[in-house]
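> kindly return the folded structure for what I paste below:
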Amino acid sequence: MRFLLLPLLASAALIAGNFTLQSYDLKGQLTKVEEFNGFGCNGQNVSPELHWSDAPKGTKSFAITVYDPDAPTGSGWWHWVVVNIPADVTKLPSGASGKAMPKGAVEIANDYGIAAFGGACPPKGDKPHRYIFTVYALDVLKLDLKPDTNAPVAGFMINAHTIAKASIMAYYGR
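Okay, the predicted model is just below:
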């Protein structure tokens, strides 16, 4: 069994390679800058700077998601979904959502009901929530999705075309 598992692990590493997501803004903890403004929160709701490198060969576009698996919904909470980021783009500046998105990129409705970044807003007194930022390398130039598409449908389409993905996690509590 061990001998069968080793080739599988090695081939998975070759597929993903060194695809990496990083952020100068996220240092393990979100701040009031990335906190949502509304829904009981009063943050600045600014999307963080993100940059990625070493996308695998065959990447035709990128997608980004931000997901909170700790939200008390039974199904987590989608904070940001972006598709159709051109393959030659490898970074988004701080505050890109709604203002400085790459040409052709589409922001999808998040669980706040807006097609933009929706910052952290965990319930007061709850344990700090995990916010998982993921960039996906996709095998298609474009996903035929509109801003009012719901996040689970977008997630299904993203996962159907993922070559590789890279994630970072940050925490936030109130």
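> remind me which residues of the protein are low pLDDT?
Scanning the chain for pLDDT under 70 picks out 1-16.
> wait, what's in contact with the residue nearest the centre of the chain?
By CA atoms, centre = their mean, the mean C-alpha position of the chain lies nearest to residue 65, the distance being 2.2 Å. For residue 65, the residues meeting the contact criterion (CB atoms under 8 Å, 6 or more residues apart in numbering) are 78, 80-82, 132-134, 136, 151, 155, 158. For glycine as for every other residue, the C-beta is placed from the backbone atoms N, C-alpha and C.
> try residue 147
106-109, 115 are the contacts of residue 147 under CB under 8 Å, 6+ apart.
> so which pair among the residues you listed is furthest apart in space?
Among those, the pair separated by the greatest distance (CB to CB) is 106 and 109, at 10.5 Å.
> can you give me phi and psi for the residue nearest to the centre of the chain?
Residue 65 adopts backbone torsions of phi -130, psi 150, taken as degrees, to the nearest 10.
> so it versus residue 168, what's the distance?
Plainly put, residue 65 is 12 Å away from residue 168 if you go by CB to CB, to the nearest Å.
> joint contacts of residue 106 and residue 109?
When contacts are counted by CB under 8 Å, 6+ apart, residue 106 and residue 109 have 115, 147 as shared neighbours.
> circling back to that earlier point, let me know the closest of the contacts of residue 65 to residue 50.
residue 133 (6.6 Å).
> is the closest one in a helix, a strand, or coil?
Of the three states, residue 133 takes strand under DSSP: H, G, I helix; E, B strand; the rest coil.
> these two touch, right, it and residue 166?
No - contact between residue 133 and residue 166 fails when scored by CB atoms under 8 Å: they sit 9.3 Å apart.
> next one: residue 38 from residue 52, what distance?
29 Å.
> neighbour count: the two, which is higher?
Under the criterion of other CB atoms under 10 Å, the comparison of residue 38 against residue 52 puts residue 52 first, with 23 against 13.
> burial measure for residue 66, as a count.
Per other CB under 10 Å, the neighbour tally for residue 66 reads 24.
> wait, it sits on residue 77?
No - Residue 66 lies out of contact with residue 77 (CB under 8 Å); the separation is 9.3 Å.
> and the helices in the protein?
According to DSSP state H, the chain carries its helices in the segments 2-16, 151-160.
> that's all I had, so thanks and see you.
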